[in-house]
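K.L.:
The sequence and its predicted three-dimensional model are supplied below.
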Amino acid sequence: MSESDCLFCKILAGDIPADIVYESETAIAFRDINPKAPTHVLIIPRKHIATINDIGAGDEAVIGSLYSAAREIAKAEGIAEEGYRAVMNCNEAAGQTVFHIHLHLLGGRSLSWPPG
Ligand code: 5GP
Ligand code: ZN
């Protein structure tokens, strides 16, 4: 899928509305349209990267910034101390459906482990 067809690039461009909860120079975060937990936020890099497999050697700071966003959002959502999950699916077997990497931030309830 090319960048111009990418749903999350369209959200980044403001072409598709989203409930944005966080913005930085390198990342934005918005609420998942189909939340799987009381808090379910998607944290994405501004840079289009399709999957974890496509992360380049120069992308470390961008990827690190997704976790800084997770820390800040978890604090703002009031779930930092009780705990939460930050997870990224890669390709079909893991259930990736949008091919612009995104960290799922899930919290506000007990989360089972291992995932299904
Ligand atoms: P994946 O399955 O790729 O790991 O996660 C994609 C996530 O994007 C899903 O949890 C899905 O609910 C969410 N999603 C899909 N389309 C939209 C949309 O248009 N807006 C928002 N906010 N989330 C979306
Ligand atoms: Zn994209």
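P.N.:
That came through, no problem. Ligands and ions are numbered 1, 2, ... in the order given.
K.L.:
Toward the C-terminus, what is the element adjacent to the one helix or strand Ala69 maps to?
P.N.:
When elements are assigned from DSSP states H and E, Ala69 belongs to helix 60-77. Later in the chain than helix 60-77, the nearest helix or strand by DSSP H and E is strand 84-87.
K.L.:
Check whether that next one comes near ligand 1.
P.N.:
No - Strand 84-87 stays clear of ligand 1 (CB under 6 Å from any ligand atom), getting no nearer than 8.3 Å. C-beta: built from backbone N, CA, C; applies to glycine.
K.L.:
quick one: the strands in the chain?
P.N.:
20-23, 27-31, 39-45, 84-87, 103-107 (DSSP state E).
K.L.:
Please identify the pairing partners of the first one and their relative orientation?
P.N.:
I take that to be strand 20-23. Paired strands of strand 20-23, with direction, are strand 27-31 (antiparallel) (DSSP bridges).
K.L.:
Kindly calculate the angle that the partner strand makes with helix 60-77.
P.N.:
Strand 27-31 and helix 60-77 are oriented at 40 degrees to each other (axes from the mean of the first three to the mean of the last three CA atoms, to 10 degrees).
K.L.:
Does Leu111 touch Ala37 like I think?
P.N.:
Yes - shown here, Leu111 and Ala37 form a contact pair, counting by CB atoms under 8 Å, at 7.1 Å.
K.L.:
which of those two has more neighbours?
P.N.:
Neighbours around Leu111 and Ala37, counted as other CB atoms under 10 Å, are more numerous at Ala37. The numbers are 18 against 14.
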